[in-house]
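Engineer: one predicted model, sequence on top.
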Number of protein chains: 2
Amino acid sequence: MGDADRYELYYWPGIQGRGELIRLAFEETRTPYIDVGRLPASEGGGVAAIERMRAGTGGGVRPFAPPILKVGDLVLAQTAAILAWLAPRLGLVPDREADRLAAHQHQLTIADLFAEVHDTHHPIAVGLYYEDQRVEAQRRAREFLTERLPRFLDYFEDLLRRNTRGGGQYLIGDRISYVDLSLFQTLSGLAYAFPRAMRRLAPQIPLSSALRDHVAARRHIAVYLASPRRVPFSQHGIFRHYDELDDAAIELPPAGA
Amino acid sequence: MGDADRYELYYWPGIQGRGELIRLAFEETRTPYIDVGRLPASEGGGVAAIERMRAGTGGGVRPFAPPILKVGDLVLAQTAAILAWLAPRLGLVPDREADRLAAHQHQLTIADLFAEVHDTHHPIAVGLYYEDQRVEAQRRAREFLTERLPRFLDYFEDLLRRNTRGGGQYLIGDRISYVDLSLFQTLSGLAYAFPRAMRRLAPQIPLSSALRDHVAARRHIAVYLASPRRVPFSQHGIFRHYDELDDAAIELPPAGA
C-alpha cells in the first residue's frame, strides 16, 4: 500500500472519544491504519500533527475538529461522514442504497446521542472544568437519564426488533455493519459512565445488550479490546464516570410516572 | 409528478428549526414539495402525521426525529443526510466527489453549531421550559458567545477565503450549493437571537456577511422570504431571542484577553 491510499486517522491520542468509532471499523476488518495522534512527534505524529490539520496547513479541505481521516489527497472530518465514505471500502455496509442511507441516518442519531452524553458532564462549556459546572451537570444528567437516554435506547432496540433480515442481531441487513460497531461502543461507554442507570434500563433492551456482547466477542474486536491499542475509558473522553451523576445520586421520578 | 417521486417534508409546522435548511433547498430551486406538517389534519397533515412517522407506522425506516423526507418508499431523517441525498437531485452541489464530501462535512459542522445554539437556551433539558433553566442558560450563552461562536464563525469565514474557485462567495466550487443556503440560515438566525453579539463579531466575517446578503437577494429565495411560507423566527425554534442571553447582558472578558 502506497502513501496515496494509506489510511491516516488524526485523533486525540489519550482518549477513545469519537475517533474510537473509526478505529473499531478498521479493527473489525483488520485494515492497516496509522493512528497519527499516537505516533511520536519525531515521526510526525502527536497533538501537533492534529493541530496542523485543524489549522488547515495539512492539505485538503480544512477540518473543524478531529476525528480527521486523510487518504492521499482526501482530508475528511466529521465522524459520520468519514464512516459513510469508509464503510463501503471496508465491506462494513451493504451495497443497497436504502441500506446505506439507513446506516448513515442511524450513525447520525448515534452522533446526537454522543453529544448529549458529553453534555451531561459539560452542560455549560467544553472549555471549563467539570468541577466548574458540577451543579448544572447533576441537573442535566438527571434529565438525560430519565428522559433522553430511555428514548434513544428504546429507539435502537426497536430498530433491531424491526430488522427481521438481521434476526435481531444487526441494525442493517443480515450482517455486521459499522453502525453495529458504533452501537456497541455507545453501550459500552454508557455502561462505564452510568452503571446503575444502565442496570435499571437493561430489561428494556435485550437485543441491544446481546448485540453489545456479540460485537465484543467478535474475533478481531476481542483481540483489539485486549490490546494496548484500546485506550481505557477515563475521565477525559465522551463517556466519563462521575458517581454523583448516575442513578441513586440523582432524584428519580417514581416508577411509572 | 406521481406520488412515487413527490417530495414530502415532515417537520413541525410552527417553526423554522432544522426543517428550514431543507425548505431553503426546495425554494432556491423552485422544486415542488409538500410541507406535510402544515397541511390540515383533514388532508393527512399536521403534527399527527409527523408523530405517525416517528412511531414508525408511516412506512420505511423508522426515524428518530424530524425533519423527515419521504419520497416514494424512501423515508430519510437527519437533516444533513437528507440534504446529501437531495442536493444532487436539485443541482445544489457540484458533481465532483471531493466537493460533495466537503459539502457534507461542512453541513455536519453547521449541524453541530445548531445544537450548540439550541443549548444556549436549553442547557439542561429540551423537555423543560426556558424559565426553568434561565440561570444555566446565561452561563452557557456567555461561553457560547465568547468561546464557541467566534471559533465557528472564523472557521466558515476561512473556508470562504480559501475557496478561491468561489471568489469568496461560495463555500463549495464556483456556484451556490445547499451549504451556502444553510450558512445563510445560520447567520440569519444568529442575527435574530444575538443581535449585539453579531454586531460585535461582524468585522471578523465580511465574506460570510456578504454571502448572507447575496443569498437573501437571490430571486427565488427573496420571493420565499417575503411569502407566508417563511415562518418568522420566534421563541420556539432553534434561534430564540432572549435579551438577557445576548452581549451586554452577559459579562464579557476584556478585549484582547
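Structural biologist: Done, it's in.
Engineer: where does the residue lying closest to residue A:127 once chain neighbours are set aside fall, phi/psi-wise?
Structural biologist: Of all residues not flanking residue A:127 in the chain, residue B:147 sits nearest, at 5.3 Å (C-beta to C-beta, 6 or more residues apart in numbering or on different chains). C-beta here means a position set from N, CA and C on the backbone, and glycine is covered the same way. Dihedral pair for residue B:147: phi -110, psi -50, per degrees, to the nearest 10.
Engineer: what's the neighbour count on residue B:147?
Structural biologist: Neighbourhood size, residue B:147 [other C-beta atoms under 10 Å in any protein chain shown]: 14.
Engineer: ok, residue A:214 next?
Structural biologist: Every residue meeting other C-beta under 10 Å relative to residue A:214 is counted, giving 15.
Engineer: show me what counts as buried in the strand or helix carrying it.
Structural biologist: Following DSSP states H and E, one finds residue A:214 within helix A:206-217. The neighbour-count check on helix A:206-217 (16 or more other C-beta atoms under 10 Å in any protein chain shown) flags A:207-209, A:211-212, A:215 as buried.
Engineer: again with stretch A:131-144
Structural biologist: Neighbour-count burial for stretch A:131-144 [16+ other C-beta under 10 Å]: A:133, A:136-144.
Engineer: in the next helix or strand after the helix holding residue A:214, which residues are buried?
Structural biologist: Helices and strands here follow DSSP H and E; after helix A:206-217, the next one along the chain is helix A:219-225. Of the residues in helix A:219-225, those buried under the neighbour-count criterion (16+ other C-beta under 10 Å) are A:221, A:224-225.
Engineer: I'd like the residues you listed written out as CSV, with pLDDT added.
Structural biologist: Converted to CSV, the buried residues of helix A:219-225 look like this (pLDDT from 0 to 100):
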residue, pLDDT
A:221, 98
A:224, 98
A:225, 98
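Engineer: tabulate the residues you listed in CSV, adding columns for distance to residue B:68.
Structural biologist: Output for the buried residues of helix A:219-225, formatted as CSV (distance: C-beta to C-beta, whole Å):
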residue, distance to residue B:68
A:221, 33
A:224, 36
A:225, 36
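Engineer: ok, and of these, which contact chain B?
Structural biologist: Taking C-beta under 8 Å from any C-beta of the partner chain as the test, chain B is in contact with none of the buried residues of helix A:219-225.
Engineer: please identify which of those is nearest to chain B.
Structural biologist: Chain B lies nearest to residue A:221 out of the buried residues of helix A:219-225, by C-beta to the nearest C-beta, at 25.7 Å.
Engineer: residue contacts, the closest one?
Structural biologist: Neighbouring residues of residue A:221 by C-beta atoms under 8 Å, 6 or more residues apart in numbering or on different chains: A:24, A:27-28, A:181, A:184, A:215.
Engineer: 7 Å instead?
Structural biologist: A:27-28, A:215 (C-beta atoms under 7 Å, 6 or more residues apart in numbering or on different chains).
Engineer: can you list the domain ranges for chain A.
Structural biologist: Domain segmentation of chain A under automatic domain parsing yields A:3-90, A:97-245.
Engineer: what mean pLDDT does the first one get?
Structural biologist: Spelled out, that is domain A:3-90. For domain A:3-90, the mean pLDDT works out to 95.
Engineer: hmm, that domain touching chain B?
Structural biologist: Yes - applying C-beta under 7 Å from any C-beta of the partner chain, one finds domain A:3-90 in contact with chain B at A:56, A:61-62, A:64, A:74, A:76-78, A:80-81, A:85.
Engineer: helices along the stretch 1-150 of chain A, start to end?
Structural biologist: A:19-28, A:47-54, A:79-90, A:97-121, A:134-143, A:149-162 (DSSP state H, counting those that start in this stretch).
Engineer: what's the closest of the ones you listed to residue B:108?
Structural biologist: Distance to residue B:108, taken as C-beta to C-beta, is lowest for helix A:79-90 among the helices of the stretch 1-150 of chain A, at 5.9 Å.
Engineer: can you report how many residues neighbour residue A:40?
Structural biologist: 8.
Engineer: wait, residue A:229
Structural biologist: A count of nearby residues for residue A:229, using other C-beta under 10 Å, gives 13.
Engineer: quickly find the element holding it.
Structural biologist: Per DSSP H and E, there is no helix or strand for residue A:229.
Engineer: may I ask which two of the residues of domain A:3-90 next to chain B are separated the most?
Structural biologist: Using C-beta to C-beta, the two most remote members of these are A:56 and A:80, lying 21.5 Å apart.
Engineer: okay, the two: which has more neighbours?
Structural biologist: Neighbour totals were compared for residue A:56 and residue A:80, and residue A:80 leads with 29 against 16 (other C-beta under 10 Å).
Engineer: quick one, grab the pLDDT at the residue in the stretch 151-257 of chain A that chain B sits nearest to.
Structural biologist: Residue nearest to chain B within the stretch 151-257 of chain A: residue A:155 (5.5 Å; C-beta to the nearest C-beta). Looking at residue A:155, its pLDDT is 98.
Engineer: gap between the closest residue to residue A:148 other than its chain neighbours and residue A:193?
Structural biologist: Nearest residue to residue A:148 in three dimensions, chain neighbours excluded: residue A:116, at 5.7 Å (C-beta to C-beta, 6+ apart). Counting by C-beta to C-beta, to the nearest Å, the gap from residue A:116 to residue A:193 is 12 Å.
Engineer: the more surrounded of these two?
Structural biologist: Neighbours were counted for residue A:116 and for residue A:193 using other C-beta under 10 Å; residue A:193 has more, 22 against 18.
Engineer: up against chain B, what does the stretch 101-250 of chain A have?
Structural biologist: A:101-102, A:104-105, A:108-109, A:115, A:119, A:123-125, A:127-128, A:136, A:139-140, A:143, A:147, A:155, A:158-159, A:162.
Engineer: among those, which ones are buried?
Structural biologist: A:101-102, A:104-105, A:108-109, A:115, A:119, A:123-125, A:136, A:139-140, A:143, A:155, A:158-159.
Engineer: out of the buried residues of stretch A:131-144, which one sits closest to chain B?
Structural biologist: residue A:143 (3.5 Å).
Engineer: need the pLDDT of that closest one.
Structural biologist: 95.
Engineer: could you double-check that it sits in contact with residue B:124?
Structural biologist: Yes - look at residue A:143 against residue B:124 with C-beta atoms under 7 Å: they come within range, at 6.0 Å.
Engineer: residues in contact with the residue of the stretch 151-257 of chain A closest to chain B?
Structural biologist: Residue A:155 neighbours (C-beta under 7 Å, 6+ apart): residue B:64.
Engineer: again, 8 Å this time
Structural biologist: Residues near residue A:155 by C-beta under 8 Å, 6+ apart: A:109, B:62, B:64.
Engineer: go through those and name the one nearest residue A:40.
Structural biologist: residue A:109 (37.1 Å).
Engineer: hang on, that closest one packs against residue B:64?
Structural biologist: Yes - counting by C-beta atoms under 8 Å, residue A:109 does reach residue B:64; the two are 4.7 Å apart.
Engineer: no further queries at this time; thank you.
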